[in-house]
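**Student:** Attaching a predicted model along with its sequence, questions to come.
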Amino acid sequence: MTPDLYSASPELIADFDRVRQRALVIGIVGLALCAIGWVVNPEQFYRSYLVGFLFWNGVALGCMAIAFLHQLSGGAWGIVIRRILESASRTFPVTLVFFLPLIFGIHSLYIWSRPEAVAADHLLQHKTAYLNVPFFLGRAALYFAIWLTLSYVFNKWSLAQDKTEAEPWLTRLQILSGPGLLLYGATVTFSSIDWVMSLEPRWYSTIYGILFIGGQGVSALAFVICVIVLISARAPMSELITDRHLRDLGTLLFAFIMLWAYFSFSQFLLTWAGNLPSEIPWYIRRMQGGWMWVGLCLVLFHFALPFLLLLSREFKKNPRWMGMVAGWVIVMRIVDLFWLSAPANAATGLSVHWLDVAAPVGLGGIWVAAFFWQLKQRPLLPIHDPELEEALEHGRE
């Protein structure tokens, strides 16, 4: 196995460039529409933009967490997707830039940032030690500093493993992955509280961060499957990635969807059973004015439909079907983030603005272009990973 896996397939490079160029065009057009939306309706722009940022930053975070998880658990399933996970984790500089416009929308999004609102609300006054703009921005800087550092070190050591032998880099990657997962869990929990839960600062949930962790796992795996389906159509990956690898990834996606559904239902059940006036209004708001139909859509199409499809072994072996269901799950992940955040600032019932589509698509185009640029930079397989041959043999069995 040579480091230069691209040399066997110039068609694969052409595919990457073609997807990257198209994604970049879509991203530029989408962001141009967002700029128009910002001029026309800045408050709606920030609401829609937040959903797009949360999703694509969540894909990068989920990929990094799965890379850490594989280093700790091992297994053939993670070898064929390791380069995809690493490439996604190297997009944090892009998502950091994505975050910057939200700084100017703090007062539009978060009621706790408005002095007049805090002055009229005793509960918000008690929370000002945590919910204030300087501390909010400082925490965001800390989150990105941690994510960028973890990504940089992990990718640096992974590249060093490619250039030399597995040891001692394998041990270093495993040592990094344990604390990395802990830091991931802590930062995602606090960032979800800061960026989404604090949209409704009178409400709280102790399971909120776990819900976002599960959702990011689903988003990351769905994106990875889409990329695997694309690259497995060309040599040399067409000879290395088999239907067994695809089935393993489908099973893992099935497990993460079950996990997300469990967390979501647990939060609903605990909140409803508690029957506390401070907690119930969050769900009541999402069960009125048309929002109930969005929640029902999530139950049917984010959970039930993928659950039933991914039960089938034959379905999970078919690249086209798996690509379709993974793409559908990506759409439903954006809908879920919309359902979590949009009702907080909705004056009336359900309303879908064109910016709700333009913002995720525009940010997604730029992010996908950056991802495929990163994917071209290294071999598609970790050539000195001690589990590489086992992973390839696993696919041939």
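**Tutor:** Everything's here; your move. Residues are numbered from 1 along each chain as shown.

**Student:** shaky segments in the protein?
**Tutor:** Low-confidence segments of the chain, defined by pLDDT under 70: 1-9, 165-167, 395-397.

**Student:** give me that answer again for 50
**Tutor:** Within the chain, the ranges that satisfy pLDDT under 50 run 1-3, 5-8.

**Student:** Please name the nearest non-neighbouring residue to residue 298.
**Tutor:** Leaving out its chain neighbours, the residue that sits closest to residue 298 by CB to CB, 6 or more residues apart in numbering is residue 336, at 5.6 Å. All C-beta spots, glycine's among them, are computed from the backbone N, C-alpha and C.

**Student:** before we move on, what about residue 178?
**Tutor:** Counting by CB to CB, 6+ apart, residue 178 lies nearest to residue 72, which is 6.4 Å off, once chain neighbours are set aside.

**Student:** any idea which helix or strand comes after the helix or strand the one you found falls within?
**Tutor:** If you go by DSSP states H and E, residue 72 is part of helix 42-73. Heading C-terminal from helix 42-73, the first helix or strand you meet, by DSSP H and E, is helix 82-89.

**Student:** other SSEs contacting that following helix?
**Tutor:** Applying 3 or more CB pairs under 8 Å, 6 or more residues apart in numbering; DSSP states H and E, we find helix 82-89 packed against helix 42-73, helix 133-163, helix 208-231, helix 355-375.

**Student:** Other residues contacting that helix?
**Tutor:** 59-60, 63-64, 66-67, 70, 78, 151, 154-155, 158, 220, 223-224, 227-228, 371, 374-375, 377-382, 385 (CB atoms under 8 Å, 6 or more residues apart in numbering).

**Student:** With distance to residue 28 and mean neighbour count as added columns, please give the helices and strands packed on helix 82-89 in CSV.
**Tutor:** Formatted as CSV, the helices and strands packed on helix 82-89 follow (distance: least, CB to CB, whole Å; neighbours: other CB atoms under 10 Å):
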stretch, distance to residue 28, mean neighbour count
helix 42-73, 15, 23
helix 133-163, 24, 16
helix 208-231, 21, 24
helix 355-375, 7, 22
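
**Student:** OK, contacts around residue 71?
**Tutor:** Counting by CB under 8 Å, 6+ apart, residue 71 makes contact with 173, 174, 176, 177.

**Student:** what number of residues lie near residue 257?
**Tutor:** Neighbour count for residue 257, taken as other CB atoms under 10 Å: 25.

**Student:** Quick check, it in contact with residue 311.
**Tutor:** No - with contacts counted by CB atoms under 8 Å, residue 257 stays clear of residue 311, the gap being 11.2 Å.

**Student:** hang on, the earlier thing: ok, now how distant is the residue nearest to residue 178 from residue 82?
**Tutor:** For residue 72, the distance to residue 82 (CB to CB, to the nearest Å) stands at 13 Å.

**Student:** same deal with residue 227?
**Tutor:** Where residue 82 is concerned, residue 227 sits at a distance of 12 Å (CB to CB).

**Student:** Same question for residue 58.
**Tutor:** Distance of residue 58 to residue 82, given as CB to CB: 20 Å.

**Student:** any chance you could map the helices in the stretch 201-350 of the chain?
**Tutor:** Assigned by DSSP state H, counting those that start in this stretch, the helices in the stretch 201-350 of the chain fall at 208-231, 237-240, 243-274, 280-285, 291-297, 305-310, 313-317, 319-341.

**Student:** Which among the ones you listed is found nearest to residue 121?
**Tutor:** Nearest to residue 121 among the helices of the stretch 201-350 of the chain is helix 280-285; the distance by CB to CB comes to 14.7 Å.

**Student:** ok, now how distant is the residue lying closest to residue 202 once chain neighbours are set aside from residue 209?
**Tutor:** Nearest non-adjacent residue to residue 202, counting by CB to CB, 6+ apart: residue 123, 5.8 Å away. Using CB to CB, residue 123 is found at 21 Å from residue 209.

**Student:** Repeat that for residue 14.
**Tutor:** Remark: distance between residue 14 and residue 209 (CB to CB) = 42 Å.

**Student:** Who are the contact partners of residue 251?
**Tutor:** So residue 251 contacts 310, 316 (CB under 8 Å, 6+ apart).

**Student:** That one and residue 26, how far apart?
**Tutor:** Counting by CB to CB - residue 251 and residue 26 are separated by 31 Å.

**Student:** And for residue 245?
**Tutor:** According to CB to CB, residue 245 and residue 26 sit 29 Å apart.

**Student:** So between the two, which is more surrounded?
**Tutor:** For residue 245 versus residue 26, neighbours defined as other CB under 10 Å are more numerous around residue 245 (22 against 17).

**Student:** I'd assumed residue 77 was in contact with that one.
**Tutor:** Yes - look at residue 245 against residue 77 with CB under 8 Å: they come within range, at 7.3 Å.

**Student:** Give the residues shared as contacts by those two.
**Tutor:** residue 391.

**Student:** Give me the buried subset of the contacts of residue 71.
**Tutor:** The neighbour-count test (16 or more other CB atoms under 10 Å) marks 173, 176, 177 as buried among the contacts of residue 71.

**Student:** The closest residue to the first one other than its chain neighbours and residue 271, how far apart?
**Tutor:** Going back to what we said before, that points to residue 173. Leaving aside its sequence neighbours, residue 173 sits nearest to residue 71 (CB to CB, 6+ apart; 5.0 Å). Relative to residue 271, residue 71 is positioned 36 Å away (CB to CB).

**Student:** Then residue 241?
**Tutor:** In terms of CB to CB, residue 241 sits 42 Å off from residue 271.

**Student:** still on that earlier bit, thought the residue nearest to residue 298 was touching residue 215?
**Tutor:** Yes - with contact defined as CB under 8 Å, residue 336 counts as touching residue 215 (6.4 Å).

**Student:** Next up, the contacts around residue 266.
**Tutor:** Going by CB under 8 Å, 6+ apart, residue 266 touches residue 207.

**Student:** Relative to residue 245, how far out is the closest residue to residue 377 other than its chain neighbours?
**Tutor:** Using CB to CB, 6+ apart and skipping the chain neighbours, the partner closest in space to residue 377 is residue 87 (7.8 Å). Per CB to CB, residue 87 is found 18 Å from residue 245.

**Student:** now residue 106
**Tutor:** For residue 106 relative to residue 245 (CB to CB), the value is 44 Å.
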